[in-house]
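Peer 1: could you look at this predicted model? Sequence included:
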There are 2 protein chains.
Amino acid sequence: MAAPFDVVGIGNAIVDVLAHSTDAFLARHSLPKGGMTLIDAHQAQRLYAEMGPGVECSGGSAANTMAGLASLGSRAAYIGKVHDDELGRVFRHDLTAAGVYFATPPMRKGPTTARCLILVTPDAQRTMQTYLGACTQLGPEDIDADLIAQSKVTYLEGYLFDPPAAKEAFTKAATLAHKAGRKVALSLSDGFCVNRHRAEFLDLVKNHVDILFANENEIGALYQTVEFDDALQAMRGHCEIAALTRSEKGSVVLAGDEVHIIDAEADVAVIDTTGAGDLYAAGFLHGLATGRSLADCARLGGICAAEVIGHVGARPGRPLDRLIAEKMG
Amino acid sequence: MAAPFDVVGIGNAIVDVLAHSTDAFLARHSLPKGGMTLIDAHQAQRLYAEMGPGVECSGGSAANTMAGLASLGSRAAYIGKVHDDELGRVFRHDLTAAGVYFATPPMRKGPTTARCLILVTPDAQRTMQTYLGACTQLGPEDIDADLIAQSKVTYLEGYLFDPPAAKEAFTKAATLAHKAGRKVALSLSDGFCVNRHRAEFLDLVKNHVDILFANENEIGALYQTVEFDDALQAMRGHCEIAALTRSEKGSVVLAGDEVHIIDAEADVAVIDTTGAGDLYAAGFLHGLATGRSLADCARLGGICAAEVIGHVGARPGRPLDRLIAEKMG
């Protein structure tokens, strides 16, 4: 069925503050490297005061994916909550200027726009501390039923399970999408997040998700496995398509009995891994939207991920449609 | 005479919003490529709405130079005006986290923190549109006489001549510095800015400035010359040291009868030229502070400029002291 949008993403609307950091700084503040930790306003203020000079970039996992999709030429929409403050206006500007349809009304009172303090260590790994702020105010009433029905895929980030009202919004959106005969995609987001909500995620993956995105760490957390191959076995038949990313080892796509193993892009100078998974999902979903083979979808994902890890920040640094044309013709 | 600070910089305290752009966009909005144009709040809002997705980085010409100096290991201080708003707090955080002493009190009413909308074209050239906001509130009362007296060099950006009260602050600072037996350094900032204040700049350079920084375009505007060599002839004897930058042609240093010609760094992948002149000045002033030869000062300037044009944003992307140790030992 034709649809005005290829993908609508729903997620926590966040502005990132990225700063270079050392491993010693992470250790001193007991920050779990590579993970996403929730912090309150007070903790955010304290950590910010001790961090090095930063760069502000719009972020938010699903929003990054939608910005990537738009840059690839797909028609993308977004649902997420900001405050009507400076950072909220920055977030709105960046997403709409990227070509993403975004109409969720901002809060005019209550907590400020969410920010994520991201520490990038010399190994290019990113460690995130998120103050959710206005994101805690996203609820089922923000889910526009028409928008969901008019999007081929509803893409949900696992991070939505952290704020309780957003979880309700998540469930409503997934239900509406399936009712309209659309697909539901989920990114598991983060190993710590999976651990916080494991039973619910497992139910979702088994029974409600058509397209799953996860990295090795997240899928291991979900199935409580150590070896990647054990997770692959455990998840067989659980969703229509699973795209599992393995950093420099590339990605693996499962679909029924099909298994595709795709190498990572070669010769990538890794500056900052923030957004790698988000942009992989963008490339993959763009491939699906344009009728490519699953192997090509994964390759598109790998190319987009390689672009975003080559610079600071989680949004594309150059037009992805042209990059793809160069790389894949 | 010993001094707690090597350099105190005084300038417009600005947060940059950097976005990729096309030449057609500049033409459509009649924006003079490579220049800095002053805009009001309304124009800023309109232009921002039409710009592509951005990245926010603390900027401000003299502030960039001070951040560079601190990263090199020099002791740097800064005087400039922000509002007590989100962007003002970002500016303060980034500068102090870089190791720069910054104690100018923020405004609690009046215009918001200044922002500069910077359009980076595919040739890596940057075109700047500045909303001065709180910078218009910097005045002579903000010039801390003790701080000036305790800094070996007072570094002033030419942009300070745009807001009238800041110009008074500029003159007061220069006078105090000389009274205390210190040096005064000036960056001409921008060709358009020089044209707006030519007679006053000429008087300054002839009679009040010890160390001058300018690029080819600015020095041509000041002496109304077309050929670089004619400008060199015209300015002889006008200040103790003049460091003139020529982009990929390197730089030329004049000091009395001495002339040094220094090549630019080789093999630089230019991403965004924002901050090139500011970081050249940082390297050069660090060289002076550490007693290097003028040729080495210029080489330090070139290395720092090459670092900042290799990424988006006008502040160092890596510790400059280590970079210098690698390049010059």
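Peer 2: It's in. Numbers count the residues shown, from 1 in each chain, chains lettered A, B, ... in the order given.

Peer 1: when you work out contacts or count neighbours from here on, use the C-alpha atoms and nothing else.
Peer 2: Will do.

Peer 1: chain B contacts on the stretch 1-150 of chain A?
Peer 2: A:48-58, A:86-87, A:93-95, A:97-98 (Cα under 8 Å from any Cα of the partner chain).

Peer 1: what comes up buried for stretch A:176-184?
Peer 2: A:176-178, A:182-184 (16 or more other Cα atoms under 10 Å in any protein chain shown).

Peer 1: how long is that stretch end to end?
Peer 2: 10 Å (Cα to Cα, to the nearest Å).

Peer 1: so what's the spatially closest residue to residue A:287 that is not a sequence neighbour up against?
Peer 2: In this structure, residue A:287 finds its nearest non-sequential neighbour in residue A:297, 4.5 Å apart by Cα to Cα, 6 or more residues apart in numbering or on different chains. Going by Cα atoms under 8 Å, 6 or more residues apart in numbering or on different chains, residue A:297 touches A:283-288.

Peer 1: just the ones of those residues in helices?
Peer 2: Using DSSP state H, the members of the contacts of residue A:297 that fall in helices are A:283-288.

Peer 1: which of these lies closest to residue B:272?
Peer 2: Using Cα to Cα, residue A:283 is the member of those that sits closest to residue B:272, with 26.4 Å.

Peer 1: check contacts around that closest one.
Peer 2: For residue A:283, the contacting residues are A:68-69, A:72, A:297-304, by Cα under 8 Å, 6+ apart.

Peer 1: by neighbour count, which of these wins?
Peer 2: residue A:68 (34 neighbours; other Cα atoms under 10 Å in any protein chain shown).

Peer 1: how about the contacts made by it?
Peer 2: A:279, A:282-283, A:304, A:315-316, A:320.

Peer 1: narrow these to those in helices?
Peer 2: Those of the contacts of residue A:68 mapping onto helices are A:279, A:282-283, A:304, A:320, per DSSP H.

Peer 1: that's a strand at residue A:130, yeah?
Peer 2: Yes - according to DSSP: H, G, I helix; E, B strand; the rest coil, residue A:130 belongs to a strand.

Peer 1: which residues of chain A score low on pLDDT?
Peer 2: Residue ranges of chain A with pLDDT under 70: A:1.

Peer 1: check contacts around the most centrally placed residue in it.
Peer 2: Residue closest to the mean C-alpha point of chain A, counted by Cα atoms, centre = their mean, is residue A:61 at 3.0 Å. By Cα under 8 Å, 6+ apart, the contact set of residue A:61 is A:11-12, A:157, A:189, A:275, A:278.

Peer 1: surely residue A:168 is in contact with residue A:138?
Peer 2: No - using Cα atoms under 8 Å, residue A:168 is not in contact with residue A:138, being 9.2 Å away.

Peer 1: compare the two (neighbour count), which wins?
Peer 2: residue A:138 (29 against 18).

Peer 1: distance of that one from chain B?
Peer 2: Distance of residue A:138 to chain B, computed by Cα to the nearest Cα, to the nearest Å: 23 Å.

Peer 1: quick one, phi psi at the residue nearest to the centre of chain A?
Peer 2: Dihedral angles phi and psi of residue A:61 (degrees, to the nearest 10) take the values phi -60, psi -60.

Peer 1: what separates it from residue A:119, distance-wise?
Peer 2: Relative to residue A:119, and taking Cα to Cα, residue A:61 is found at 16 Å.

Peer 1: and what of residue A:243?
Peer 2: Residue A:243 is 27 Å from residue A:119, where distance means Cα to Cα.

Peer 1: can you give me the helices in chain A?
Peer 2: A:23-28, A:41-50, A:61-72, A:86-97, A:145-149, A:164-179, A:191-196, A:198-207, A:216-223, A:228-235, A:276-289, A:294-308, A:320-328.

Peer 1: and residue B:309, which of those is closest to it?
Peer 2: Residue B:309 lies closest to helix A:294-308 among the helices of chain A, at 18.9 Å (Cα to Cα).

Peer 1: export the closest one as CSV, just CAs?
Peer 2: What follows is the C-alpha trace of helix A:294-308 in CSV, where atoms were taken according to Å, rounded to 0.1, in the frame of the first residue of the first chain:
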residue,chain,number,x,y,z
LEU,A,294,18.8,-7.6,2.4
ALA,A,295,22.5,-7.8,1.8
ASP,A,296,22.4,-4.4,0.0
CYS,A,297,20.3,-3.0,2.9
ALA,A,298,23.1,-4.1,5.3
ARG,A,299,25.8,-2.6,3.0
LEU,A,300,23.9,0.7,2.9
GLY,A,301,23.7,0.6,6.7
GLY,A,302,27.5,0.0,6.9
ILE,A,303,28.3,2.9,4.6
CYS,A,304,26.1,5.3,6.6
ALA,A,305,27.6,4.1,9.9
ALA,A,306,31.1,4.6,8.5
GLU,A,307,30.3,8.2,7.5
VAL,A,308,29.0,9.2,10.9
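
Peer 1: relative to helix A:320-328, how tilted is that helix?
Peer 2: Put simply, helix A:294-308 runs at 120 degrees to helix A:320-328, going by axes from the mean of the first three to the mean of the last three Cα atoms, to 10 degrees.

Peer 1: and helix A:294-308, how far from the chain's centre?
Peer 2: Computed by Cα atoms, centre = their mean, to the nearest Å, the chain-centroid distance of helix A:294-308 equals 15 Å.

Peer 1: tell me the angle of that helix relative to helix A:61-72?
Peer 2: When the same axes, to 10 degrees is applied, the directions of helix A:294-308 and helix A:61-72 differ by 100 degrees.

Peer 1: angle of helix A:294-308 against helix A:276-289?
Peer 2: Between helix A:294-308 and helix A:276-289, the angle comes out at 140 degrees (the same axes, to 10 degrees).

Peer 1: before we move on, back to that, can you add distance to residue B:164 and give the contacts of residue A:297 back as TSV?
Peer 2: Output for the contacts of residue A:297, formatted as TSV (distance: Cα to Cα, whole Å):
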residue	distance to residue B:164
A:283	51
A:284	55
A:285	54
A:286	53
A:287	56
A:288	58
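
Peer 1: name the nearest of these relative to residue A:219.
Peer 2: For the contacts of residue A:297, the nearest to residue A:219 is residue A:284 (17.9 Å; Cα to Cα).

Peer 1: tally of neighbours for that closest one?
Peer 2: 26.

Peer 1: do the same with residue A:290
Peer 2: Residue A:290 has 13 neighbouring residues, counting by other Cα under 10 Å.

Peer 1: give me the buried entries from the residues of the stretch 1-150 of chain A next to chain B.
Peer 2: Burial by neighbour count, judged by 16+ other Cα under 10 Å, picks out A:48, A:51-58, A:87, A:93-95, A:97-98 from those.

Peer 1: mind listing what residue A:287 touches?
Peer 2: By Cα under 8 Å, 6+ apart, residue A:287 lies in contact with A:293-294, A:296-297, A:300.

Peer 1: repeat that for 7 Å
Peer 2: A:296-297, A:300 (Cα atoms under 7 Å, 6 or more residues apart in numbering or on different chains).

Peer 1: how far away is it from chain B?
Peer 2: In this view, residue A:287 and chain B are 23 Å apart by Cα to the nearest Cα.
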